[in-house]
Structure formats: C-alpha cells, structure tokens
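1. here is my input; please provide its structure:
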Amino acid sequence: MALTDTALRHAKPRAKDYTLPGYDGLALFVDTKGAKRWYFRFSWADKQPRIFLGTYPEIGLRDARALRDVARALISRCIDPRTHRRL
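-> Numbering: from 1, shown residues only. Below you'll find the model as predicted:
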C-alpha cells in the first residue's frame, strides 16, 4: 500500500507498535503512545539496518521521500548513510 498524507494523519495508536510500509524502504513506525517516526530500511553488508529520518508531522511525506532518496544515493556510491550522518 502506498503511503498517503490521509493515511498518515489517520494512523492511530494500537495495543501494539506497528509499521505502515511505504515504497523503496521508507516506513512510518507508530508506537502505542501515538508517536510517529520515519525510518528507512536498506541493505548493507548482508544486513538490513534502518536509519531514523525524523518524526511525523515535523517531517512530512514529501520531505521523508526526499531524505530517503538522499540516503539511496549515498548507498549507490557505497557510502553508509549512518556513518555519513555521524560525520
């Protein structure tokens, strides 16, 4: 299912944490308290780590997709986006 702004606004907390998957590794994590966090999951060294991109609604869907694209560009140049962020 593609993420839409309407789906993000209506994502309510549940009894357990859950994730709204997006496209190309982007996902919105919703915890039991209602906090919404953007994550990007990618493949690196035979593992699938994830990197935190920000919280919703401070980072909107368009901005989260742009941050995902930046991270994907780093990966294509063999640069770990987690290490790049720390520097």
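2. before we move on, which element is the residue nearest to residue 55 when sequence neighbours are not counted in?
-> Computed as C-beta to C-beta, 6 or more residues apart in numbering, the closest residue to residue 55 that is not its neighbour in sequence is residue 37, at 5.4 Å. The C-beta positions use only the backbone N, C-alpha and C, and glycine is treated the same way. Element membership for residue 37, per DSSP states H and E: strand 36-41.
3. packing partners of whichever helix or strand comes after that strand?
-> The helix or strand immediately downstream of strand 36-41 is strand 50-56, counting by DSSP H and E. Packing partners of strand 50-56 (3 or more C-beta pairs under 8 Å, 6 or more residues apart in numbering; DSSP states H and E): strand 36-41, helix 61-76, helix 81-86.
4. among these, which gets the worst mean confidence?
-> In terms of mean pLDDT, the lowest-scoring of the helices and strands packed on strand 50-56 is helix 81-86 (a mean of 92).
5. list the contacts of the residue most central in space within the chain.
-> Of all residues in the chain, the one closest to the mean position by C-alpha atoms, centre = their mean is residue 39, 2.2 Å from it. When contacts are counted by C-beta atoms under 8 Å, 6 or more residues apart in numbering, residue 39 touches 19, 26-29, 50-53.
6. in this structure residue 75 contacts residue 45, no?
-> No - using C-beta atoms under 8 Å, residue 75 makes no contact with residue 45, being 11.4 Å away.
7. of these two, which one has the most company?
-> Counted by other C-beta atoms under 10 Å, residue 75 and residue 45 do not tie: residue 75 has more neighbours, with 17 against 6.
8. now the more buried one: how far from residue 84?
-> 10 Å (C-beta to C-beta, to the nearest Å).
9. so what's the residue nearest to residue 55 bridging to?
-> Here residue 37 sits in beta bridges with residue 29, residue 55, going by DSSP bridges.
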